[in-house]
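In: Provide a 3D model corresponding to the input given below.
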Amino acid sequence: MPGAVAADPERSRAESARRARAKVRRYCTAHGLNRLGTLTYAGEGCHDPARLRSDVGEFFRSLRSSLGGKAFPYVWVPEWHKSDHGMHVHFAVGQFISRGRIDEAWGRGFVHIKRLSDLPVGSTRLSEARRAAGYLSKYVTKSFADDESSRSMRLHRYEVAQGFQPSVVRLRGTSVEDVFDQAVQRMQGLMPSQSWNSSQVEGWQGPPAVWFAWD
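Out: Numbers count the residues shown, from 1 in each chain. Purely as a prediction, here's the structure:
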């Protein structure tokens with residue numbers, strides 16, 4: 001029940017983290033974001049969330065300009081350093097961008113970028129994007145778990161490029177099985193690789209829910 005969730009801060013935080021992780025995963029996989037990067041400040045670092053948002057926005061604008069001006073999908077997640085160095089940024093993109101170009105666009109410290117290709121033979125770009133989504137989701141979850149960081153961050157848990165939100169397809173049926181069959185048809189007959197059912201959760205207080213994922 002919504003009221004019960006709101007009355008339980010821990011459960012509310014956990015549910016918010018779950019929704020944020022799911023959105024990051026959907027965005028990454030929908031656009032094949034299989035390259036993971038990091039932006040770090042030089043010197044004493046950055047401790048001002050407003051400055052971080054401004055700097056990262058300028059970074060992606062500069063990067064887009066250097067690539068010919070065409071918008072591209074990306075997602076970024078802020079994280080506080082374990083030391084007193086302030087914040088750094090993790091981001092994912094779905095196209096090759098040279099480190100030199102990224103370094104020039106950032107210009108505030110250090111950068112790192114790599115394609116997540118160290119997967120089993122036969123893995124696809126989707127598999128790589130799922131791996132990137134897993135890394136970013138971990139940082140999103142961390143921001144919910146750290147109350148002090150959450151209060152001082154004053155930022156969204158993550159940011160994405162505008163205009164690239166995955167489309168939503170709504171299926172309706174008379175039963176879970178009916179909707180599941182429709183979903184399998186939409187996925188060209190492929191069966192899901194992962195599934196979840198709220199009936200398996202002891203003490204579940206929300207409406208009945210099921211979840212499926214396809215590789």
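In: now the strands for this protein?
Out: Using DSSP state E, the strands of the chain run over 35-41, 74-80, 87-93, 109-115, 159-160, 194-197, 210-213.
In: need the longest helix for the protein.
Out: Longest helix in the chain by number of residues, with DSSP state H as the criterion: helix 9-31.
In: helices or strands next to it in the packing?
Out: Applying 3 or more Cβ pairs under 8 Å, 6 or more residues apart in numbering; DSSP states H and E, we find helix 9-31 packed against helix 2-7, strand 74-80, helix 125-145. Any C-beta I mention is one placed from the backbone N, CA and C, and that applies to glycine too.
In: please repeat the previous calculation with a cut-off of 6 Å.
Out: helix 2-7, helix 125-145 (3 or more Cβ pairs under 6 Å, 6 or more residues apart in numbering; DSSP states H and E).
In: and these, which one is worst for confidence?
Out: Mean pLDDT is lowest for helix 2-7 out of the helices and strands packed on helix 9-31, coming in at a mean of 49.
In: relative to Gln165, how far out is Arg130?
Out: Using Cβ to Cβ, to the nearest Å, Arg130 is found at 19 Å from Gln165.
In: who has more neighbours out of those two?
Out: Between Arg130 and Gln165, counted using other Cβ atoms under 10 Å, Arg130 has the larger neighbour count: 20 against 13.
In: excluding its backbone neighbours, what's nearest that one?
Out: Nearest non-adjacent residue to Arg130, counting by Cβ to Cβ, 6 or more residues apart in numbering: Thr29, 5.9 Å away.
In: so for that neighbour, what's the pLDDT?
Out: As predicted, Thr29 sits at a pLDDT of 88.
In: distance of the residue nearest in space to the middle of the chain relative to Glu15?
Out: Centroid-nearest residue in the chain: Val24, 2.6 Å away (criterion: Cα atoms, centre = their mean). Plainly put, Val24 is 15 Å away from Glu15 if you go by Cβ to Cβ.
In: next one: Gly134
Out: 20 Å.
In: distance from the chain centre to stretch 131-138, please.
Out: 6 Å (Cα atoms, centre = their mean, to the nearest Å).
In: actually stretch 32-45, not the one I typed
Out: 14 Å.
In: and the residue of the chain most remote from its centre, what's its pLDDT?
Out: Of all residues in the chain, Thr174 has its C-alpha farthest from the mean position, at 32.7 Å, by Cα atoms, centre = their mean. Listed pLDDT for Thr174 reads 90.
In: just Met191 next, same as before
Out: We have a pLDDT of 88 for Met191.
In: burial measure for it, as a count.
Out: By other Cβ under 10 Å, 10 other residues sit near Met191.
In: what's the nearest residue to it if we skip its chain neighbours?
Out: Met191 sits nearest to Val184 (Cβ to Cβ, 6+ apart), 6.5 Å away.
In: give me the residues contacting stretch 169-187.
Out: Outside stretch 169-187, the residues that touch it by Cβ atoms under 6 Å, 6 or more residues apart in numbering are Val210, Trp214.
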